[in-house]
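Here is a sequence with its predicted model. Questions after.
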Amino acid sequence: MLGRIFISAVLWALPFAGMAAPAKTLHLFNWDNYLNPQVAKDFEKEFGVRVVEDKFASNEDLLAKLQAGAGGYDLIVPSDYAVRILTRLGLLAKLDRNNIPNLKNLSPRFRSPAYDRGHDYSVPYLWGTTGIGYSRKGTAAAGAPRGWDDVFNPDKAKRYRGRISMLNDMRETIGAALIYRGYSPNSTNPTQLEEAKKVLLAQKPFVAKYDSEAYEDSLVAAETMLAHGWSGEVFTAQASNDDIAFVVPKEGSFLFVDNLAVPKTSKNKPLAEQFINYLLRPDVAAKNSNFLKYPTPNAAAKSKLDPKVAGANYELPPGIKFYSIEDIDVAGKLYETIWTELKAR
């Protein structure tokens, strides 16, 4: 599961109204709507602490904030490729796994991932896929979308002029255009990237907005008919409006794993590790996953999941190629140039 607006801190402090201030505060830097509020409140109550949550809009926003010297965060939620970058830049603290015994609850599939062998710097939190959320009624005349061609081909996209949203996320959106053209979404080939840029510029007249924070609300309100987005958000929207459906494009798409990590500048590393361990409890992981509609990598939690979450959200469609966004190092400047031009047009 982005150029987005930095949102001011959300304080989970209501349980402490009229009480003495808790001894410790955990400062969490997270994606928007990516933690069940009740989970935060339960942790506060059990351990007598306070959770203060700030929001970021993309991995690039997170990276920029930390590289600029932000030192007030104890726990962050980077995606797989961002863990690689943060590790390479020396911005993450090495985890004390003795403080995280619930690591044992992770599914074998999520143990020692390629981006962080041994969980030295991160612990998988939630995972999901990127695809297209759509209105069944709104797309009935033309037929339900099945691939990137439905959002990038001008002859098809023009049917939905002003009713398409794309993620406000440089790597996701440029990556989708690259896949549409038959290339790797991690390409560093200037010619291929130029083709992707042309695809995005040709599509832009039909796009209502680039949005990673409220596109699911626009789907629910029928303001948009097609939304490039993440599975959990679209499934959450579907719970409010059963007209909404989700498809992983037939040409291929992204599968991502978001992680919990501690910045090297954290002043409360043991508390951050305690919260990580808490989130790995089977009952807590299930409560979080059921609320957010994203699958958990916690194998011990699966029996406690809502059947709808344990079903459709865990099933990857057959025959689809899934990619991971990769750390492309200095070649990222090529993407930044394209993104700046696209947003300026």
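Alright, I've got the coordinates.

Got the domain ranges for the chain?
The record, using automatic domain parsing to delimit domains, assigns the chain the ranges 7-126+257-314, 128-255+318-344.

Put together a markdown table for those, with mean neighbour count and mean pLDDT on each row.
For glycine as for every other residue, the C-beta is placed from the backbone atoms N, C-alpha and C. Output for these, formatted as a markdown table (neighbours: other C-beta atoms under 10 Å; pLDDT from 0 to 100):
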| stretch | mean neighbour count | mean pLDDT |
| --- | --- | --- |
| domain 7-126+257-314 | 18 | 90 |
| domain 128-255+318-344 | 19 | 97 |
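
In this protein, where's the longest strand?
For the chain, the longest strand by residue count, based on DSSP state E, is strand 123-135.

Adjacent strands (with direction) for that one?
According to DSSP bridges, strand 123-135 has the following sheet partners: strand 226-230 (antiparallel), strand 244-247 (antiparallel), strand 253-260 (antiparallel).

In CSV, please show the C-alpha coordinates belonging to the last one.
Provided in CSV are the C-alpha atoms of strand 253-260 (Å, rounded to 0.1, in the frame of the first residue of the first chain):
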residue,chain,number,x,y,z
SER,A,253,1.5,-5.1,-10.7
PHE,A,254,3.2,-4.5,-7.4
LEU,A,255,3.1,-6.6,-4.3
PHE,A,256,4.4,-4.7,-1.3
VAL,A,257,5.3,-5.4,2.3
ASP,A,258,5.2,-2.5,4.8
ASN,A,259,7.5,-2.8,7.8
LEU,A,260,8.1,-1.5,11.3
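
start at 45 instead
Got it, the first residue is 45 from now on, which makes the last one we talked about strand 297-304.

Surely residue 334 is in contact with residue 350?
Yes - counting by C-beta atoms under 8 Å, residue 350 is a contact partner of residue 334 at 4.6 Å.

Mind listing the shared neighbours of these two?
Shared contacts of residue 334 and residue 350 (C-beta atoms under 8 Å, 6 or more residues apart in numbering): none.

Which residues outside stretch 322-336 are in contact with it?
Residues external to stretch 322-336 that are found in contact with it (C-beta under 8 Å, 6+ apart): 77-80, 82-83, 86-87, 90-91, 144, 146-147, 149-150, 167, 169-170, 276, 280, 304, 339-340, 342, 344-350, 353.

In helices only, show me those.
Under the assignment DSSP state H, the contacts of stretch 322-336 contribute 82-83, 86-87, 90-91, 276, 280, 353 to helices.

Between those residues, which sits nearest residue 383?
residue 276 (24.0 Å; C-beta to C-beta).

ok, back up a step: and the next helix or strand after the longest strand of the chain, how far out from the chain middle?
The element immediately downstream of strand 167-179 (helix or strand, assigned by DSSP states H and E) is helix 193-196. Average the C-alpha atoms of helix 193-196, do the same for its chain, and the two points are 22 Å apart (C-alpha atoms, centre = their mean, to the nearest Å).

picking up where we left off before, just the ones in helices among the contacts of stretch 322-336 now: which is nearest residue 292?
Lowest distance from residue 292 to the ones in helices among the contacts of stretch 322-336 (C-beta to C-beta) belongs to residue 276, with 13.3 Å.

Please, where are all the helices along the protein?
Taking DSSP H as the test, the helices found in the chain are 81-91, 103-111, 124-132, 193-196, 198-201, 214-224, 234-247, 259-264, 275-284, 313-323, 326-336, 351-355, 376-388.

Give me the contacts around the fourth one.
Under the criterion C-beta under 8 Å, 6+ apart, residues 176, 189, 200-201, 208, 210, 220-221, 224, 243, 246-247, 270, 272, 295 lie in contact with helix 193-196.

The fifth one now?
Counting by C-beta under 8 Å, 6+ apart, the neighbours of helix 198-201 from elsewhere in the structure are 186, 193-195, 208, 246-247, 250.

Max pairwise distance over those residues: which two?
Distance extremes for those: the farthest pair is 186 and 246 at 18.5 Å, using C-beta to C-beta.

so what's residue 255 up against?
Under the criterion of C-beta under 8 Å, 6+ apart, the contact list for residue 255 reads 209-212, 262.

sorry, that was for residue 239
Taking C-beta under 8 Å, 6+ apart as the criterion, residue 239 is in contact with 225, 227.

Recalculate using a threshold of 10 Å.
Applying C-beta atoms under 10 Å, 6 or more residues apart in numbering to residue 239 gives the contacts 221-222, 224-227, 231, 233.

Tell me which two in the residues you listed are the farthest apart.
Distances among the contacts of residue 239 were taken as C-beta to C-beta; the most separated pair is 224 and 233, at 15.3 Å.

roughly how far apart are residue 254 and residue 212?
Taken as C-beta to C-beta, to the nearest Å, the spacing of residue 254 relative to residue 212 amounts to 4 Å.

Please read the previous query as pertaining to residue 267.
16 Å.

cool, residue 206 as well?
Counting by C-beta to C-beta, the separation of residue 206 from residue 212 is 17 Å.
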